[in-house]
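>>> generate coordinates for the sequence data below:
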Amino acid sequence: MKPTYLEENSNFDFSSAAIQDLIEKISDGNDSDSPLAFALKAYYYIRDAWPYNPYRFSLIEDDWKASEISTHQSGHCLDKAILLISVLRGKNIPARLGLAKVKNHIAVEDIVEKFGNDVLVPHGYVEIFLNGKWVKATPAFNKTLCEKLKVEPLDFDGVNDSLFQPYMASNDIKFMEYIEDYGTFDHVPLAYMFQLMKDTYPALEERQIELGVVLNLSKL
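Next comes the predicted model:
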């Protein structure tokens, strides 16, 4: 296992005051939690404390710091993955970022309408090293949103992968489908993520959008 999955970097800045405060809130004063116990607390806290918002997507490197993301009132799947990775590394629990292309992603109706398909790129998840193995977790969709959409919130037990969010469509239960997995990363590969977006959404090229701006994906 790479030592970088434990290390602080410009994205996972867990020694910052903001992330240390977040770790303290999650721990609730209990420094004796096992890695599994803390990972579960962190997953549920981050899943529910930041309402899911897929429409703000920054192409500015400095915006991809956990300490910066923690100041926002909501976040998309990547934002919340970064927060989870940061607090885990801050407690000496190995964690890394996973990227994927998915279909049937919930709560992205405006993106589907603008881009003409139900493929979302990049979708972010987290891999956590617990009890001798890597386990996948997806803290994207907060419980309140799931209740509003009448879907079950995605739980995580620290043992089994937690990836496939169900949702209701035309009275049928469907699940978010992982079309392609781009692998895992010890940092946030912003340029690579932007290239994946341009390859999937021609509108970005047509509008000559480049790195260094903040996108509102509902208004492209």
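
>>> going forward, measure contacts between C-alpha atoms and count neighbours the same way
Will do.

>>> which stretches in this structure count as strands?
Listed in chain order, the strands of the chain (DSSP state E) span 56-58, 95-103, 119-130, 133-137, 166-169, 172-175, 177-185, 214-216.

>>> quick one, which of those is nearest to Leu84?
Between Leu84 and those, the tightest spacing by C-alpha to C-alpha is seen for strand 119-130, at 7.7 Å.

>>> coming back round to it: now the strands of the chain as TSV including mean neighbour count, mean pLDDT and distance to Leu84?
Below are the strands of the chain laid out as TSV (neighbours: other C-alpha atoms under 10 Å; pLDDT from 0 to 100; distance: least, C-alpha to C-alpha, whole Å):
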stretch	mean neighbour count	mean pLDDT	distance to Leu84
strand 56-58	16	93	18
strand 95-103	22	94	8
strand 119-130	23	94	8
strand 133-137	19	97	10
strand 166-169	16	61	22
strand 172-175	12	66	23
strand 177-185	14	93	14
strand 214-216	15	88	22
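
>>> in CSV: those strands, plus distance to Asp48.
Below are the strands of the chain laid out as CSV (distance: least, C-alpha to C-alpha, whole Å):
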stretch, distance to Asp48
strand 56-58, 18
strand 95-103, 19
strand 119-130, 15
strand 133-137, 14
strand 166-169, 17
strand 172-175, 20
strand 177-185, 22
strand 214-216, 23
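
>>> nearest to Gln208, out of these?
Closest approach to Gln208 among those is made by strand 214-216 (12.2 Å; C-alpha to C-alpha).

>>> distance from the closest one to the middle of the chain?
In terms of C-alpha atoms, centre = their mean, to the nearest Å, the centre of strand 214-216 is set 17 Å apart from its chain centre.
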